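J.: Next comes the sequence, and after it the predicted model I'd like to discuss.
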Amino acid sequence: MSLRKKLVMGAAVVLSVSAVAVSAFAATEETAVVVGNESLKPGEVIEVLQSSAGGNPMMVGLMLTQATLADRVEMVKQMADAMLFAEGARISGLADREDVALKLKWQRMQLLLEAYLQEISKKWDMSDKAVKKYYAEHKEEFIQAPATHLRHILTSSEKDANNAILDIFKDKDFAKTAEKFSRDTNTAQRGGDLGWMEKGVMPESIDKAIETARPNSLVGPIKTDLGWHVLEVLERRPSKQLTFDEAKDEIVQRLQMSYIAKELEDLRKKVKVEINEKALENLGGIPAAPAAKTPEAPAEEKPADNASK
């Protein structure tokens, strides 16, 4: 096995060390490897292998089936190397260094978060029946808004925008012109394609300009705060009701988020949470940006006194 593969696996092992402590096998098995004050039992070795294999038990099972005793010893040697590095870090006092301690603290919290969510999610009703029930009760929320498929070219001046239009008429190739003229490097690489845009996503001036444009027509130049735009309306998509299959993924996400929100609500009743705003005012020496001013509601006009009665 190459050194690179060893190092990759070693890195995966290091990331998995805190996870193996919860192994169900730990209490009954003999020790497979000892490095300083740390050790791994056979069941923990399997946990580490599974973690480094992306949590795929079938892959680990296949690998163990094909591995000779010498292969297995080599695998554990790689784990031992990773454990040696961790032990070296402990001996040198790195674990107590502030920046390292902070990372370890945050990684521990992240691992606990993942483990907790995995545990409580066992109680969630994510059955097909529950998902279909949600769809039936919220069907009106799964209506696809009308949208327009657009390509655009963004320039810094009206002159450049007009030159881009001339280039399109000359070469009959909007995509090539976008690559040549557009300042929007992200979309220029894909021929200026913006994808499907619903009303309200683009600046109002663009929404108005493309409102009556026919498919395969050019619109512009149009000025916005970003610059000058030349647009091509490719096609239009009417509003439609999404089917259950089309909405299913979003419904699953919504149900998961609702369970998480409920769990957070319950935890906040049990655990005190305090946020010190003063400590955040100059975070890292950078002052907080001023809050946006809430527009004042216009004062209500008082009715004129009816002096003459």
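T.: Thanks, I have the structure now.

J.: rest of the way, CA atoms for contacts and neighbours
T.: Fine.

J.: Name the nearest residue to residue 145, ignoring sequence neighbours.
T.: Distance criterion C-alpha to C-alpha, 6 or more residues apart in numbering; nearest residue to residue 145, sequence neighbours excluded, is residue 239 at 4.8 Å.

J.: What about that neighbour, how many residues nearby?
T.: Using other C-alpha atoms under 10 Å, residue 239 is surrounded by 11 other residues.

J.: and it, what is it in contact with?
T.: 143, 144, 145, 146, 147 (C-alpha atoms under 8 Å, 6 or more residues apart in numbering).

J.: same deal with residue 184?
T.: By C-alpha under 8 Å, 6+ apart, residue 184 lies in contact with 153, 154, 192.

J.: try 6 Å
T.: residue 154 (C-alpha atoms under 6 Å, 6 or more residues apart in numbering).

J.: same for whichever helix in the chain runs longest, what does it pack against?
T.: Looking across the chain with DSSP state H, the single longest helix is helix 244-270. Packing partners of helix 244-270 (3 or more C-alpha pairs under 6 Å, 6 or more residues apart in numbering; DSSP states H and E): none among the helices and strands.

J.: Check which residues of that helix are buried.
T.: 244, 247, 248, 251, 252, 255, 256, 259, 260 (16 or more other C-alpha atoms under 10 Å).

J.: Toward the C-terminus, what is the element adjacent to it?
T.: Sequence-wise, the next helix or strand downstream of helix 244-270 (DSSP states H and E) is helix 277-280.

J.: Quick check: what element follows that following helix along the chain?
T.: For helix 277-280, the following helix or strand on the C-terminal side (DSSP H and E) is strand 282-283.

J.: Contacts for that next one, please.
T.: Residues contacting strand 282-283 (C-alpha under 6 Å, 6+ apart): none.

J.: Helix or strand next in line after the helix or strand of the chain with the lowest mean pLDDT, which one?
T.: When the helices and strands of the chain are scored by mean pLDDT, DSSP states H and E, helix 3-20 comes last with a mean of 38. Next along the chain after helix 3-20, taking DSSP H and E as the criterion, comes strand 33-35.

J.: neighbouring strands for that following strand, and are they parallel or not?
T.: Using DSSP bridges, strand 33-35 pairs in its sheet with strand 38-40 (antiparallel).

J.: So which bits of the strand it pairs with are buried?
T.: For strand 38-40, a neighbour-count test (16+ other C-alpha under 10 Å) marks residue 40 as buried.

J.: Low-confidence ranges, the stretch 151-300 of the chain, go.
T.: Applying pLDDT under 70 to the stretch 151-300 of the chain flags residues 294-300.

J.: can you pull out the helices in it?
T.: 158-171, 174-181, 185-188, 204-210, 244-270, 277-280 (DSSP state H, counting those that start in this stretch).

J.: so which of the ones you listed gets nearest residue 119?
T.: Proximity to residue 119 (C-alpha to C-alpha) singles out helix 244-270 among the helices of the stretch 151-300 of the chain, at 12.0 Å.

J.: now the closest one, how far from the chain's geometric center?
T.: 16 Å (C-alpha atoms, centre = their mean, to the nearest Å).

J.: cool, and stretch 282-297?
T.: The answer for stretch 282-297 is 26 Å, by C-alpha atoms, centre = their mean.

J.: before we move on, what about stretch 102-109?
T.: From the chain centre to the centre of stretch 102-109 is a distance of 20 Å (C-alpha atoms, centre = their mean).

J.: ok, residue 258 to residue 74 distance?
T.: Counting by C-alpha to C-alpha, to the nearest Å, the separation of residue 258 from residue 74 is 46 Å.

J.: what do you get for residue 94?
T.: Going from residue 94 to residue 74 by C-alpha to C-alpha gives 28 Å.

J.: How much space separates the residue nearest to residue 145 from residue 75?
T.: Going from residue 239 to residue 75 by C-alpha to C-alpha gives 57 Å.

J.: same question, residue 136
T.: Using C-alpha to C-alpha, we find residue 136 at a distance of 52 Å from residue 75.

J.: got the end-to-end distance for stretch 124-133?
T.: This stretch, stretch 124-133, spans 15 Å end to end (C-alpha to C-alpha).

J.: can you list the residues that contact it?
T.: Applying C-alpha under 6 Å, 6+ apart, stretch 124-133 has no contact partners.

J.: again, only using 8 Å
T.: Residues from elsewhere that reach stretch 124-133, judged by C-alpha under 8 Å, 6+ apart: 244, 248, 251, 252, 255, 256, 259.
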